[in-house]
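In: sequence? don't have it. structure:
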């Protein structure tokens, strides 16, 4: 077969190219094999080095473990010798590797520390303590109540007496002075007297209100990590920083006791920490009157206020029988006579809500829980506080609610929880006609009535302090499920006969909630 010159030329070119490609491919394959072999050698070396490091690490861990054992043994020896030598001036500790001795002075350095952290803005003391010599009285009251609570929390340490109470108050002095006494007199004298009572009682003027929560949180972190600090009474609230810090230390929850004050922090409550009140030292919010002191064991002979908090030194509890439930009123020594009967209604009417002449919604008269009811409530909430929305409204919409739902409430527990709910103002105010509403529409606080209006730090609105408490009509109420957003007045049903529960002035139907259940 004849081959054209062109085809012959192509064939002559193809043969060398094929040979070249074959040669290059062979060289590449050889290079790849060499590189793979080199990489495998590196990997083998690294594996050998890693095994050697693992062996070394195991040796170091073993040696460190032996060191820790020796160190712990020496620490226990030091502690044992110090505890045995309380009545001597020095402690002599033998050394295993030397004939020398080590002398340690015996002082209060090994005493347990009981820390009290106080936010001066959220936990204000009673007004009468803000006087020239009230600082010393405040300090002594704090020391006494801490000793009392410590006996219930850490009885062994309390009995031993080998502890120091350290109290630290943080506040912006200028803001606190203006808030407490309207700027008429600075509180420097008060806190100067406070710090003189003990070298461990301090007041820190932060200068900036924002610094208060920062300093308290950092002090809490420091002492939570301290083995010498055995317990912390946390008197602070109202800042998210407090919740975050406490939440990070829930593993040590037995080391902290929350003390209630003017500010109610529901997030802190949901942490389930032990909660008490220092009723004869700090003012309390209306929303705190349902907090039960979990460190005391009340006896059946105590009055209702004592079942929840220690009784104030200048107060007494008087039980006044009425036509319905028992009404317990707390009367101070300065008051000459008990309050007059309240004109607010005591008995409900099916499907109706009470209003006054100006069509403002009224509440039923506050009924102080009996000792038996308070005891039943305490037993039910021994582990976890009750969810008001779930038990009283029948529905809790909070997906992350950490309060107790559980079984239905007994009548005794229901009464106490209903009493507690009246510390919160109703969002609809006087226009509310809901049959299911459990919140307040009228202020029944005696302190506000004496002031002729809303007293400082009262949780209810100004409008709730100028309400005629006399029932003029009962109107048809509505269930929350069918009530519209617009105000609903309902059908008017006039009352035949005299006003419910007779007359009385605005000041006569108030009840001292704060002092009773703070």
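Out: Ah, there it is. What you see is a predicted model; the values in this text were computed from it and never measured.
In: name the helix or strand for the residue most central in space within the chain, please.
Out: Nearest to the geometric centre of the chain sits residue 268, at 3.3 Å (C-alpha atoms, centre = their mean). Taking DSSP states H and E as the criterion, residue 268 maps to helix 266-269.
In: and what of residue 204?
Out: Applying DSSP H and E as the criterion places residue 204 in strand 201-205.
In: now do that strand: distance to the chain's middle.
Out: In this view, strand 201-205 has its centroid 22 Å away from the chain centroid, taken as C-alpha atoms, centre = their mean, to the nearest Å.
In: next SSE downstream of it?
Out: Once the chain leaves strand 201-205, the next helix or strand it forms, by DSSP H and E, is helix 210-224.
In: check which helices and strands that following helix is in contact with.
Out: strand 112-119, strand 163-171, strand 229-235, helix 240-248 (3 or more C-beta pairs under 8 Å, 6 or more residues apart in numbering; DSSP states H and E). For the C-beta atoms, the positions are set from N, CA and C on the backbone; glycine is no exception.
In: go again using 10 Å as the cut-off
Out: strand 112-119, strand 163-171, strand 201-205, strand 229-235, helix 240-248, strand 256-259 (3 or more C-beta pairs under 10 Å, 6 or more residues apart in numbering; DSSP states H and E).
In: which of the residues in it are buried?
Out: Using 16 or more other C-beta atoms under 10 Å as the test for burial, helix 210-224 gives 212, 213, 216, 217, 219, 220, 223, 224.
In: residue 478 contacts residue 431, correct?
Out: No - Residue 478 is not in contact with residue 431 according to C-beta atoms under 10 Å; the separation is 11.8 Å.
In: who has more neighbours, those two?
Out: Taking other C-beta atoms under 10 Å, residue 478 and residue 431 do not tie; residue 478 has more neighbours (18 against 14).
In: and that one, what's its pLDDT?
Out: Looking at residue 478, its pLDDT stands at 81.
In: name whatever forms a beta bridge with it.
Out: With DSSP bridges as the criterion, the beta-bridge partners of residue 478 are residue 434.
In: how far away is it from residue 427?
Out: Distance, residue 478 to residue 427, using C-beta to C-beta, to the nearest Å: 15 Å.
In: picking up where we left off before, the residue nearest to the centre of the chain and residue 236, how far apart?
Out: For residue 268, the distance to residue 236 - C-beta to C-beta - is 9 Å.
In: quick one: common contacting residues for the two?
Out: 242, 246, 258 (C-beta atoms under 10 Å, 6 or more residues apart in numbering).
In: any idea how far stretch 187-200 is from the middle of the chain?
Out: 27 Å.
In: just stretch 444-463 next, same as before
Out: Chain-centre distance of stretch 444-463: 25 Å, with C-alpha atoms, centre = their mean.
In: in it, what's buried?
Out: The neighbour-count check on stretch 444-463 (16+ other C-beta under 10 Å) flags 444, 445, 446, 447, 448, 449, 454, 455, 458, 459, 460 as buried.
In: now distance to residue 367 too, for those, in TSV please.
Out: What follows is those, written out as TSV (distance: C-beta to C-beta, whole Å):
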residue	distance to residue 367
444	11
445	15
446	16
447	19
448	19
449	18
454	23
455	22
458	20
459	20
460	18
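In: residue 384: which of the residues you listed is nearest?
Out: Comparing these against residue 384 with C-beta to C-beta places residue 459 closest, at 23.7 Å.
In: just to revisit the earlier point, so what secondary structure elements neighbour the helix holding residue 268?
Out: Using 3+ C-beta pairs under 10 Å, 6+ apart: helix 266-269 touches helix 240-248.
In: could you give the angle of the helix it packs on to helix 210-224?
Out: 10 degrees (axes from the mean of the first three to the mean of the last three C-alpha atoms, to 10 degrees).
In: quick one: low-confidence parts of the stretch 251-400 of the chain?
Out: In the predicted model, the stretch 251-400 of the chain carries pLDDT under 70 at residues 264, 285-342.
In: so where do the helices sit in it?
Out: 266-269, 304-308, 371-380, 388 (DSSP state H, counting those that start in this stretch).
In: identify, out of these, the most deeply packed stretch.
Out: Mean neighbour count (mean count of other C-beta atoms under 10 Å) peaks for helix 304-308 among these, with a mean of 23.
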